[in-house]
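*Asks:* This is the structure alone, sequence omitted:
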DNA sequence: CGGTATCCCGGTGGATACTG
DNA sequence: CAGTATCCACCGGGATACCG
């Protein structure tokens, strides 16, 4: 039988979708920016260049592993530039690239929306969680 | 000795940070909206009410588990309203709430930024990945 | 048709220790 | 000070099967 089963068709559709999703610009951006620390980092760097250690202090709570990792991702995407000054001990500065700076307003819009509506959301959650179980 | 060790201090700081992060509106919003499907879902619902099955078709690739799960989260946050019409078989419609609709422009801004700059990002990645290993 | 319940895998991200 | 290397716990999310 040449007819595909429902399973086969779904798997096929999913493959197609995967390709589509992988190409989706928004998802690709979210993969980097949607991370736990990326947003905070871009925000912190919006004020100007910062050293690794300064960021650790400002972001408070981030492990140096995640800090380095997130900075690498942002650097890879061309949002942040890493500058090494060879001295002892070595000095490393991070700053937003022009591309990175164009992202700041977008993130701030998201932040503004969040701060404006967080109460409504929290209220909605309370109501939802208190909803009759039947 | 009443003096705290460095470990203790760091753990303490992290606890404080945790409380702070947990309260951060942006992070709370991202927890819901940053999900793999939430954005696409809000976008799909921006055009009007849709049934569960319709969404499965439109979003193409989402499992019904994730669809239901994501819709629940959005409903819990008051962004989506779920309407059950008791008939056989039962009919369920989803639509954006007024609050949910205010999120649409913000998401679109993010989408626009992504589509505008995705090429630059992709280029940056290529350059970064091709960078001299030394 | 819409939803729930399980099981399971992989990625994210935290702790810790070590290098230059 | 900045970064790398492990190890590991947790959770998002996919597959599958079953309910109303």
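*Replies:* Alright, I've got the coordinates. Since the structure is predicted, the reported quantities are computational estimates derived from the model, not experimental observations. Numbering: from 1, shown residues only, chains lettered A, B, ... in the order given.
*Asks:* Now do the strands in chain A.
*Replies:* A:50-51, A:80-85, A:91-96 (DSSP state E).
*Asks:* Counting neighbours, what do you get for residue A:130?
*Replies:* 8 (other CB atoms under 10 Å in any protein chain shown). In short, each C-beta sits where N, CA and C put it, glycine included.
*Asks:* for residue A:93, that is, sorry about that
*Replies:* 15.
*Asks:* Can you give me the distance of it to residue A:45?
*Replies:* Distance, residue A:93 to residue A:45, using CB to CB, to the nearest Å: 10 Å.
*Asks:* Ok, residue A:108 next?
*Replies:* From residue A:108 to residue A:45 the distance is 13 Å (CB to CB).
*Asks:* Dump the strands of chain A to TSV, plus mean pLDDT and distance to DNA strand C.
*Replies:* Shown next, in TSV, are the strands of chain A (pLDDT from 0 to 100; distance: least, CB to the nearest atom of the strand, whole Å):
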stretch	mean pLDDT	distance to DNA strand C
strand A:50-51	97	13
strand A:80-85	97	11
strand A:91-96	97	10
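*Asks:* Make JSON lines out of the ones you listed and add distance to residue B:63.
*Replies:* What follows is the strands of chain A, written out as JSON lines (distance: least, CB to CB, whole Å):
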{"stretch": "strand A:50-51", "distance to residue B:63": "41"}
{"stretch": "strand A:80-85", "distance to residue B:63": "35"}
{"stretch": "strand A:91-96", "distance to residue B:63": "38"}
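*Asks:* would you turn those strands into TSV with distance to chain B?
*Replies:* TSV is the format used below for the strands of chain A (distance: least, CB to the nearest CB, whole Å):
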stretch	distance to chain B
strand A:50-51	18
strand A:80-85	10
strand A:91-96	13
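*Asks:* Need these in a markdown table (columns: distance to DNA strand D).
*Replies:* Formatted as a markdown table, the strands of chain A follow (distance: least, CB to the nearest atom of the strand, whole Å):
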| stretch | distance to DNA strand D |
| --- | --- |
| strand A:50-51 | 4 |
| strand A:80-85 | 6 |
| strand A:91-96 | 4 |
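*Asks:* closest one to residue B:37 among the ones you listed?
*Replies:* Smallest distance to residue B:37 across these (CB to CB): 28.3 Å, for strand A:80-85.
*Asks:* Compute the number of surrounding residues for residue A:63.
*Replies:* 12.
*Asks:* For DNA strand D, what is the nearest residue in chain A?
*Replies:* Using CB to the nearest atom of the strand, the closest approach of chain A to DNA strand D is made by residue A:53 at 2.6 Å.
*Asks:* Right, I'll call it a day here.
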